[in-house]
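[1] Could you look at this predicted model? Sequence included:
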Amino acid sequence: MTTTALDTNIVLDILTGTPSEVAQSEAALKSAQLAGTLSISIIVYAEVASNFPSRSRADDFFRLLNCKIEPVEQATAYLAAQFFWQDRLRGGSRTRILPDFLIAAHAQLNADRILTRDKRFFSDTFPRLKAVSPADLV
């Protein structure tokens, strides 16, 4: 059974994407669900929730996706900090821990892979995290 963490861009495809993005991401989600379970970090929840008029509507949406929402634990926050520091050592220009580092740390600690449209970024920046794109699952 495979646990697939979702990046924000995949969830936003379902809500606000072009027709081809919606179709591709929906197909990828179905494939991921057939392989196991879906999860998101609370960071993804926060990034997506602004698209809803109420918390209950956001919660309903994630229930429809059959997606487990997980908190950011101390170990996740520490790993995100380590990813951030390694990125800075490689010449990265980011000056604050951005959501992508927290999302990646969550995925690495709680899932078998991350489904994202930013496969190259995740693969290059987080080498032990298996990143897949919708095209990989469809």
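    Alright, I've got the coordinates.

[2] Please enumerate the strands of the chain.
    2-6, 36-41, 67-70, 113-115, 131-132 (DSSP state E).

[3] Check which residues of the third one are buried.
    When neighbours are counted by 16 or more other CB atoms under 10 Å, the buried residues of strand 67-70 are found to be 67, 70. C-beta coordinates here come from the backbone N, C-alpha and C atoms, glycine included.

[4] Quick one: list the elements packing against that strand.
    Where contact means 3 or more CB pairs under 8 Å, 6 or more residues apart in numbering; DSSP states H and E, strand 67-70 is packed against strand 36-41, helix 42-49.

[5] Now do the buried residues in the first one.
    Burial within strand 36-41, assessed by neighbour count using 16+ other CB under 10 Å, is assigned to 37-41.

[6] Which of these sits closest to A111?
    Set against A111, the nearest of the buried residues of strand 36-41 by CB to CB is S39 (5.8 Å).

[7] For that closest one, give me the pLDDT.
    On the pLDDT scale, S39 is placed at 98.

[8] returning to that earlier point: need the helices and strands packed on strand 67-70 in CSV with distance to F126, can you?
    As requested, these are exported to CSV (distance: least, CB to CB, whole Å):
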stretch, distance to F126
strand 36-41, 14
helix 42-49, 15
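
[9] quick revisit: can you redo the strands of the chain as JSON lines, where the extra columns are distance to P99?
    JSON lines is the format used below for the strands of the chain (distance: least, CB to CB, whole Å):
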{"stretch": "strand 2-6", "distance to P99": "13"}
{"stretch": "strand 36-41", "distance to P99": "9"}
{"stretch": "strand 67-70", "distance to P99": "14"}
{"stretch": "strand 113-115", "distance to P99": "13"}
{"stretch": "strand 131-132", "distance to P99": "16"}
